[in-house]
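Asks: let me see the structure of the following:
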Amino acid sequence: MRWQGQEIGATDSSALPGLESMSSLVRSVNTPEFADVTFHEVLCKSALNHVPGSSAMPFDWTVNPYRGCSHACTYCFARGTHEYLELDAGRDFDTQVIVKVNVAEVLRRELARGSWEREPVMLGTNTDPYQRAEGKYRLMPEIISALTESGTPFSILTKGTLLRRDLPLLTDAAREVRVSLALSIAIFDDALQDAVEPGTPSTAARLDTVRAAVAAGFRVTVFLMPILPHLTDSIPVIDEALRRIREAGASRVVFGALHLRPGAKQWFLQWLEHQHPELMSSYRGLYPGASTTAPKAYRSWLNKRVRPLLRVHGLDGYAEDDHPRGAPVAGLAARSRVVTTSRGHAAAARSGGRGQASGAASMLF
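Replies: Residues are numbered from 1 along each chain as shown. All right, here's what the predicted structure looks like:
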C-alpha cells in the first residue's frame, strides 16, 4: 500500500499527512471484539487540516482522527479517499481503519502556536470520529480538551452513540467555547437501516443520543440525509421520521437527497442491484454517467414534500440546497472570512451556559 512504502524510512511526499513513511506505522491490530476489522495505528505529523479556499465546505479547519469507517454505510462519500491509500473503496474502507494514535498530542502543539487564531474546527467531515474504534482508542476526549483549553470553538457531526460518553466533557467545554452537535439519522426502517448502514448504531439508539444531548442542554440538529429515492422519500416515511425526531427533542433538521460520489457510487449501486434490482433503471436515470447528485427537478420535488411536514411537526429546518456552496451555515464552524460573525454567535451561546448544535450538508455522508 502507498502509505507503507517499500522500506523502513522510505518517504512518499505525495502521501496523506502523517502517512508519508513506513516509520509512521506503529502496528496493525486485529481484536476479537472487532471481527474482520484491522486497525492500522499510525503517528501523524499534523492534526489540523486546512480546507482549500476553493472548497464548497463552509469551514476552514477539520480534525480527522480516523480514516476508513466500520459504520460501513454503503453511500459514504469518503469511500473514494481510501483508494488514495491503495485500499479499495468497498470492503477495505469498512474493515481497514487507520488510527492516528497521537492526534491529540499533535493537535495541542498546533493549537499552541502563536499563529493560531482560534478559528472554528469541524469534526466528522471525512469519517465518523465516534465510530466503533473510538470505544477502543478514546481519542476524542483529549481532542475535545485540547480544543477547549486553547479557546477554539468546534462542531461535531456523528452517527455514533459513543458521543454520550463525552457529554459531561462537552457540557463543560460549552461553558468556555461554542460547541455544536449534530446527529445523522437517515433511515427509520430497522431492516433497511441494517442493510444500508450495517455497522451503525440503531436508529432508536441514535434518537436516544439526541435526547441525552438535549437533556445536557444542547440544541441538537438531526441530519435527515441522505434521503434515498424510492426507498425513504415517501410522505408516510418522512412524516414518521420527523415525528420521531421531534419527540427526541431535536431543534433543527437538515435534509437532502442521496449523493453518489466516485467510489461510493459503484459500491452503493452494487448493493442496490443485489437488494433492489427493480430500482436500478430508475437510479441510472437519476444518477447517469459520472453525475453525483440527483437532478434539480428531483431535489425541488423533495423540498416541496419535506417542508410542509417540517411545519406540521414544529421543526426548524432547511434543505442542503438552501445555502450557496461554501456559504456559512448557522451554528457550524464558519470559514475565516466570517469568523467575526461566528465568534459573535459563540459569545451569545456562552451567555446561555450551553453550546448550540447545528450542522451542514454533504460533509460526512
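
Asks: quick check: longest helix in this protein by residues?
Replies: Secondary structure of the chain per DSSP state H: the longest helix is helix 296-312.

Asks: then the helix or strand just after that one to CSV, C-alphas only?
Replies: Heading C-terminal from helix 296-312, the first helix or strand you meet, by DSSP states H and E, is strand 316-319. Output in CSV follows, covering the C-alpha atoms of strand 316-319 (Å, rounded to 0.1, in the frame of the first residue of the first chain):
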residue,chain,number,x,y,z
ASP,A,316,-36.9,24.4,12.2
GLY,A,317,-35.1,23.1,9.1
TYR,A,318,-33.7,23.5,5.7
ALA,A,319,-32.5,21.7,2.6
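
Asks: what residues does strand 316-319 touch?
Replies: Contacts of strand 316-319 from elsewhere in the structure, counted by C-beta atoms under 8 Å, 6 or more residues apart in numbering, are 251-256, 299, 302-303, 306-307, 310, 361. In this view, the C-beta of every residue, glycine as well, is placed from N, C-alpha and C.

Asks: show me what counts as buried in the longest helix of the chain.
Replies: Going by neighbour count (16 or more other C-beta atoms under 10 Å), the buried part of helix 296-312 is 298-299, 302-303, 305-306, 309-310.

Asks: what is the nearest of those residues to Arg243?
Replies: Of all the buried residues of helix 296-312, Leu309 has the smallest distance to Arg243: 9.0 Å, by C-beta to C-beta.

Asks: just checking, that closest one touches Val237?
Replies: No - in this structure Leu309 lies outside contact range of Val237 using C-beta atoms under 8 Å: 10.4 Å.

Asks: follow-up on the earlier one: out of the buried residues of helix 296-312, which is nearest to Trp61?
Replies: When the buried residues of helix 296-312 are ranked by distance to Trp61 (C-beta to C-beta), Arg299 comes first, at 29.0 Å.

Asks: before we move on, back to that, what packs against the longest helix of the chain?
Replies: If you count contacts as 3 or more C-beta pairs under 8 Å, 6 or more residues apart in numbering; DSSP states H and E, helix 296-312 packs onto strand 221-227, helix 235-248, strand 252-257, strand 316-319.

Asks: next one: Ser21, what pLDDT does it get?
Replies: Confidence at Ser21, expressed as pLDDT, is 47.

Asks: just the one 5 residues further on next, same as before
Replies: If you check Val26, the pLDDT there is 64.

Asks: how about the helices of this structure, start to end?
Replies: For the chain, helices defined by DSSP H occupy the ranges 79-82, 91-95, 103-111, 133-137, 140-149, 167-174, 190-196, 203-215, 235-248, 264-275, 280-286, 296-312, 339-351.

Asks: the bottom helix or strand of this structure by mean pLDDT?
Replies: Lowest on mean pLDDT, DSSP states H and E among the helices and strands of the chain sits helix 339-351, with a mean of 32.

Asks: low-confidence ranges, the stretch 201-350 of the chain, go.
Replies: 323-350 (pLDDT under 70).

Asks: make it 90
Replies: Applying pLDDT under 90 to the stretch 201-350 of the chain flags the ranges 262-263, 320-350.

Asks: can you check the stretch 51-200 of the chain too?
Replies: Applying pLDDT under 90 to the stretch 51-200 of the chain flags the ranges 51-60, 67, 77-95, 125-127.

Asks: in a markdown table, list the contacts of strand 316-319 along with distance to Ala204.
Replies: Formatted as a markdown table, those follow (distance: C-beta to C-beta, whole Å):
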| residue | distance to Ala204 |
| --- | --- |
| Ser251 | 20 |
| Arg252 | 21 |
| Val253 | 18 |
| Val254 | 21 |
| Phe255 | 20 |
| Gly256 | 23 |
| Arg299 | 29 |
| Leu302 | 25 |
| Asn303 | 28 |
| Val306 | 22 |
| Arg307 | 26 |
| Leu310 | 22 |
| Ala361 | 24 |
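
Asks: among those residues, which one lies nearest to Pro52?
Replies: Once C-beta to C-beta is applied, the member of the contacts of strand 316-319 that ends up nearest Pro52 is Ala361, at 18.5 Å.

Asks: quick check: pLDDT value at the nearest residue to Val106 once chain neighbours are set aside.
Replies: Excluding its sequence neighbours, the residue lying closest to Val106 (C-beta to C-beta, 6 or more residues apart in numbering) is Ala47, at 4.4 Å. At Ala47, the pLDDT value in this model is 95.

Asks: surely Ala47 and Val101 touch.
Replies: No - between Ala47 and Val101 there is no contact under C-beta under 8 Å: 11.7 Å.

Asks: show me what contacts Glu273?
Replies: Neighbour list for Glu273: Met280 [criterion: C-beta under 8 Å, 6+ apart].

Asks: and it, how far from Arg244?
Replies: Distance of Glu273 to Arg244, given as C-beta to C-beta, to the nearest Å: 30 Å.

Asks: determine how far stretch 300-318 lies from the middle of the whole chain.
Replies: 23 Å (C-alpha atoms, centre = their mean, to the nearest Å).

Asks: actually stretch 310-322, not the one I typed
Replies: So, by C-alpha atoms, centre = their mean, the centroid of stretch 310-322 is 20 Å from its chain's centroid.

Asks: cool, stretch 64-80 as well?
Replies: 9 Å.

Asks: any idea how far apart the tips of that stretch sit?
Replies: The first and last residues of stretch 64-80 sit 16 Å apart, counting by C-alpha to C-alpha, to the nearest Å.

Asks: ok so, going back, can you name the residues that contact the residue nearest to Val106?
Replies: Ala47 sits in contact with 63, 100, 103-104, 106-107, 110, where contact means C-beta under 8 Å, 6+ apart.

Asks: go again using 6 Å as the cut-off
Replies: 63, 103, 106-107, 110 (C-beta atoms under 6 Å, 6 or more residues apart in numbering).
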